[in-house]
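[1] make a model of this:
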Amino acid sequence: MPASDAVDRPDQPWSRQRLRSTNARLLLDRLRTSGAASRAQLARETGLSKPTVSSALAALAEAGLVHEVGTRAPERGRTAVLYAPDPAAGYVLGIDVGRSWLRVAVANLDGEVVARADVRNRARSSAAMAELVVATAHQVVANSEVAPAAVVHAVVGTPGVYDEQRRRVRYAMHLPGWGRAGLFDRMREDLGVPLEVHNDANLAALGEYTYGVGAGSRLFAYIMIGTGLGMGVVSEGRLFTGAHGGAGEIGFLPWPGQQKPETLEDAVSGVAVVEAARMFGMTGQQLTAKAVFDAARQGNAAAVKAVELEGERIAHTVAAAAAVLDPDLVVLGGGVGHSVDLLLRPVRENLRALTPLRPKIVPSALGEDAVLLGAVATALGTARDLVFERHSAS
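    Residues are numbered from 1 along each chain as shown. Next up, the predicted model:
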């Protein structure tokens, strides 16, 4: 049966309004996934009749969901008008809450960031941090000149695992008090926007899949190495989070032996890099992982040894992920991930000695923006549905 018969037949058990909505959504999805098209092209590709396409496009344009973006002049026949989704039909908020930085962005329905702010996280309590998130989000929306009512959905990325039933974060050890009950309920109320909460490594993985080096991968793991250690897994374009949202919490894996470090996070995080550098004789009161990597680039012997040890420990992390997941790609990101240029050689060399499983290992393409862009991408998935439903209802 032709697609036009399946959709256009009047004896289908749908109401006329439902039929029109279904046709409109079919066209909108086609425009979003494959780009601008003319009415004739849409009719050919969807199987809808030309009058149905014209009627649906007119309704979408009136609702502000599509707009004309140009024309195409064929070799023969009349010039065709091209249509595309209107990115200004709605907006989303992406929020990345980290121990050191808070990043907030407003993006349109095309995923284009129209305003953002990166703010030092100097909050001394969870309540102060929540207030900083809300205040920064309001300021970014104001700076974007987007009407607050046009922002239809928000997603926040945070360390730890969000418990949907209890509406609180668990395992966010580096953000004291962040797991307090009612904290995110208050943030939702103060933001005035529906808010989803997700693990930061998971969002970084989705960001890398949508905008970075993960695109097209069948199954890849994003390993976030910074203040803590986490992993996000994307399979066939979808996050794998486990039965309770804890998949990827590899920082809890035990480290071999009975002495420090006790867990994989103790061994691999940015703090571990600093501790290793001090163990090898590097000095400095305000020593940071970045300072250690910078010193290694200058040939500092203690720093070089610390980087080599970090590469060995990351190789153990990759070996564990490879054995369980069999990824075709492993992306290294987070604060330590910024220095992957120094780490790739020792990671690959140690991996060869540890396991016959050797996925491709690459640095993150998005750097510090991975979580933020993953939050935007996640918010867009919901926002596009909400915007369509809102305009269809009206």
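
[2] pLDDT on the helix or strand Leu380 falls within, on average?
    If you go by DSSP states H and E, Leu380 is part of helix 370-393. If you average the pLDDT over helix 370-393, you get 93.

[3] ok, Thr241 touching Ala205?
    No. Using CB atoms under 8 Å, Thr241 is not in contact with Ala205; the gap is 10.4 Å. For glycine as for every other residue, the C-beta is placed from the backbone atoms N, C-alpha and C.

[4] neighbours of Ala150, how many?
    16 (other CB atoms under 10 Å).

[5] contacting residues around it?
    With contact taken as CB atoms under 8 Å, 6 or more residues apart in numbering, Ala150 is in contact with Ala88, Gly90, Tyr91.

[6] try it again at 10 Å.
    Applying CB atoms under 10 Å, 6 or more residues apart in numbering to Ala150 gives the contacts Ala88, Ala89, Gly90, Tyr91, Val92, Val106, Asn108, Val141, Ser144, Val387.

[7] and what of Ala315?
    Leu343, Pro346, Val347, Arg348, Glu349, Asn350, Leu351, Arg352, Ala353, Leu354, Thr355, Ile361.

[8] could you identify the most distant pair in the residues you listed?
    The most widely separated members of the contacts of Ala315 are Leu343 and Thr355, with 17.5 Å between them, by CB to CB.

[9] more neighbours, these two?
    Ranked by neighbour count (other CB under 10 Å), Leu343 and Thr355 place Leu343 first, with 23 against 15.

[10] got the phi and psi for that one?
    When read as degrees, to the nearest 10, the backbone of Leu343 gives phi -90, psi -30.

[11] before we move on, back to that, what about Thr241 and Ala205, which has more around it?
    Ala205 (32 against 17).

[12] can I assume that one sits in a helix?
    Yes. Using DSSP: H, G, I helix; E, B strand; the rest coil, the assignment for Ala205 is a helix.

[13] then Asn23 would be within a helix, right?
    Yes. In this structure, Asn23 lies within a helix as judged by three-state DSSP.

[14] quote the end-to-end distance of stretch 194-208.
    Start and end residues of stretch 194-208 are separated by 24 Å (CA to CA, to the nearest Å).

[15] so for it, what's the average pLDDT?
    Mean predicted confidence for stretch 194-208 is 95.

[16] now stretch 38-47
    94.

[17] give the buried residues for it.
    Ser38, Arg39, Ala40, Gln41, Leu42, Ala43, Thr46, Gly47 (16 or more other CB atoms under 10 Å).

[18] so which residues of the stretch 201-350 of the chain form helices?
    264-268, 270-279, 289-297, 301-325, 334-337, 340-354 (DSSP state H, counting those that start in this stretch).

[19] with the stretch 51-200 of the chain instead?
    So, for the stretch 51-200 of the chain - with DSSP H, counting those that start in this stretch - the helices run 126-144, 183-191, 200-211.

[20] next, the buried residues of the longest one.
    In other words, helix 126-144. Of the residues in helix 126-144, those buried (16+ other CB under 10 Å) are Ser126, Met129, Ala130, Leu132, Val133, Val134, Thr136, Ala137, His138, Val140, Val141, Ser144.

[21] list the residues that contact the third one.
    By CB under 10 Å, 6+ apart, the residues touching Ala130 are Val97, Ala123, Gly177, Trp178, Arg180, Gly182, Leu183, Phe184, Arg186, Met187, Asp190.

[22] again, but for the fifth one
    Taking CB under 10 Å, 6+ apart, we find Val133 in contact with 95-97, 102, 104, 119, 121, 123, 154, 156, 158, 183-184, 187, 190-191, 195.

[23] follow-up on the earlier one: format the contacts of Ala130 as TSV; extra columns: neighbour count and distance to Arg297.
    Converted to TSV, the contacts of Ala130 look like this (neighbours: other CB atoms under 10 Å; distance: CB to CB, whole Å):
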residue	neighbour count	distance to Arg297
Val97	26	30
Ala123	18	33
Gly177	15	37
Trp178	23	34
Arg180	15	41
Gly182	10	46
Leu183	20	40
Phe184	21	41
Arg186	14	44
Met187	21	40
Asp190	16	44
